[in-house]
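Asker: no sequence on this one, just coordinates:
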């Protein structure tokens with residue numbers, strides 16, 4: 001098979017116009033366009049080979065924003081650290097989840113910017129911290145995530161349940177599970193690698209007992225605890241979000257008591273639920289949790305949202321927080337398969353979208369840092385670009401659903417790739433300013449309480465670690481025109 005070599009474009013020499021978007025769309029000199037030539041040669045420097053002459057002036061939308069430097073208000077405010085505060089109020093702690101936004105940050109942003117009867121939206125809702133904070137304040141909300149485990153945890157977190165009913169059901173489950181013998185082992189990949197035979201038997205019995213529950217909300221409550229029990233009784237190392245097995249010398253002495261783990265966690269979660277039930281039972285506040293993807297058009301209506309509070313992934317799941325690996329064992333036991341298990345590849349940056357390369361080019365800060373990374377490692381530069389292209393797609397949808405004058409609060413971290421810090425706070429502000437938002441301010445806070453590993457794997461190789469972020473940035477934007 002004959003290989004086709006990518007076309008190499010010369011570096012642009014000088015501009016021929018001021019590159020206003022409306023002019024670009026009608027321009028008949030695109031083949032000699034300075035901006036387009038510079039864009040194409042930039043992709044060549046990243047080693048992207050899928051470029052051909054199909055790229056045209058449509059790629060130049062929002063081009064007038066490319067060369068505009070921005071001086072943005074940024075400040076460090078220690079009052080946002082919450083290093084000594086309780087982050088486990090109500091049902092916030094019913095299930096661990098990577099990189100959870102602490103409730104104090106979510107609640108404070110809602111208090112600052114949500115007007116009466118506001119609709120709150122979290123497009124990366126994870127385990128539902130923002131949704132719960134909106135719920136207890138009486139604001140209707142939307143939450144979106146592609147991870148079925150995140151959606152389950154979020155749903156249970158904002159559903160008040162009578163603790164008496166939960167205690168009664170717990171006794172039934174334990175009695176039924178203890179009587180079930182000779183269970184049929186579930187059929188999913190590597191089950192014997194991640195679980196001991198006696199653990200598999202106990203988990204299967206427990207699952208059978210939970211499936212017999214008729215009330216769906218109560219069943220979901222116990223499925224969340226079951227998910228916790230799956231992880232706690234598996235052969236995975238403690239404190240890891242990625243899947244690493246316990247060392248063989250320790251595994252021999254490892255003998256978890258599944259029913260004891262389950263019972264203890266249920267009791268803890270019932271105590272957490274008691275406060276929510278006591279104060280918010282009968283609440284008319286609506287929480288809409290959607291299994292959708294903010295990179296595409298969602299079911300949310302045009303200009304329905306008043307405030308977005310969210311914390312998107314810090315980067316691609318392969319080298320930052322592996323939400324899919326964290327969730328895989330639970331999802332398999334809960335009966336999910338196929339695309340539902342492929343969370344990491346489905347997440348932002350899972351694949352490079354070569355048809356929308358221009359969406360990564362709209363940020364001067366991103367172009368600059370990609371150029372630096374590409375000099376060290378072109379492959380990693382392309383992976384970084386893939387993530388930010390996907391993140392920029394989300395801005396297209398956020399622009400659609402947020403009302404004029406609405407607020408977008410995005411909590412991001414500036415991670416490091418190949419020793420180069422990526423200024424994500426500036427990049428998302430660039431994306432916002434190119435899609436109809438204006439920057440209000442960026443608040444810097446330390447993250448002592450955020451659930452992050454103390455080390456990450458910047459090369460995705462076991463044993464090669466780097467320090468994770470100790471600060472994050474709260475970027476606050478306002479939608480000021482429809483663009």
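Answerer: Looks like it arrived, so ask away. Keep in mind that this is a model prediction, so the values were computed, not measured.
Asker: ends of stretch 309-327, how far apart?
Answerer: With CA to CA, to the nearest Å as the measure, stretch 309-327 spans 23 Å from end to end.
Asker: and what of stretch 338-348?
Answerer: Termini of stretch 338-348 sit 18 Å apart (CA to CA).
Asker: mind listing what's buried along it?
Answerer: Going by neighbour count (16 or more other CB atoms under 10 Å), the buried part of stretch 338-348 is 340, 341, 343, 344, 346, 347, 348. Where you see a C-beta, it was placed from the backbone N, CA and C, and this is true even at glycine.
Asker: the first one contacts residue 150, doesn't it?
Answerer: In other words, residue 340. No - between residue 340 and residue 150 there is no contact under CB atoms under 8 Å: 11.4 Å.
Asker: quick check: the residue nearest to residue 82 when sequence neighbours are not counted vs residue 121, distance?
Answerer: Nearest non-adjacent residue to residue 82, counting by CB to CB, 6 or more residues apart in numbering: residue 104, 4.4 Å away. According to CB to CB, to the nearest Å, residue 104 stands 20 Å off from residue 121.
Asker: which one of those two has more residues nearby?
Answerer: Between residue 104 and residue 121, counting by other CB atoms under 10 Å, residue 121 is the more crowded of the two (30 against 19).
Asker: which residues touch the more buried one?
Answerer: Applying CB atoms under 8 Å, 6 or more residues apart in numbering, we find residue 121 in contact with 141, 142, 143, 144, 300, 305, 307, 308, 309, 310, 401, 402.
Asker: of the residues you listed, which belong to helices?
Answerer: Among these, the residues falling in helices (DSSP state H) are residue 401.
Asker: hang on, the earlier thing: pretty sure the residue nearest to residue 82 contacts residue 88?
Answerer: No - Residue 104 is not in contact with residue 88 according to CB under 8 Å; the separation is 11.4 Å.
Asker: show me the helices in the stretch 351-483 of the chain, by range?
Answerer: Secondary structure of the stretch 351-483 of the chain, counting by DSSP state H, counting those that start in this stretch: helices at 358-361, 364-376, 378-401, 424-433.
Asker: got the buried residues for the longest one?
Answerer: Right, helix 378-401. 380-401.
Asker: swap in the second one?
Answerer: Counting neighbours by 16+ other CB under 10 Å, one finds that the buried residues in helix 364-376 are 364, 365, 366, 367, 369, 370, 373, 374.
Asker: same question, the first one
Answerer: Buried residues in helix 358-361, counting neighbours by 16+ other CB under 10 Å, are found at 358, 359, 360, 361.
Asker: pull the helix or strand with minimum mean pLDDT from the protein.
Answerer: Across the helices and strands of the chain, mean confidence by mean pLDDT, DSSP states H and E is lowest for strand 466-467: a mean of 47.
Asker: quick one, what contacts residue 412?
Answerer: So residue 412 contacts 311, 312, 314, 424, 425, 428, 472, 473, 475 (CB under 8 Å, 6+ apart).
Asker: what is the most widely separated pair among those residues?
Answerer: Pairwise distances across the contacts of residue 412 (CB to CB) peak at 13.4 Å, for the pair 314 and 475.
Asker: neighbour-wise, which of the two wins?
Answerer: Between residue 314 and residue 475, counted using other CB under 10 Å, the more crowded position is residue 475 (26 against 23).
Asker: OK, contacts around the residue nearest to residue 72 when sequence neighbours are not counted?
Answerer: Among residues not flanking residue 72 along the chain, residue 439 sits closest, at 5.1 Å (CB to CB, 6+ apart). The contact partners of residue 439, by CB under 8 Å, 6+ apart, come to 70, 72, 73, 429, 432, 433, 475, 476, 477.
Asker: tell me the secondary structure at residue 120.
Answerer: strand (DSSP: H, G, I helix; E, B strand; the rest coil).
Asker: is it true that it touches residue 134?
Answerer: Yes - using CB under 8 Å, residue 120 is in contact with residue 134, at 4.1 Å.
Asker: and for those two, which residues touch both?
Answerer: Taking CB under 8 Å, 6+ apart as the contact rule, the neighbours common to residue 120 and residue 134 are 110, 114, 140, 141, 309.
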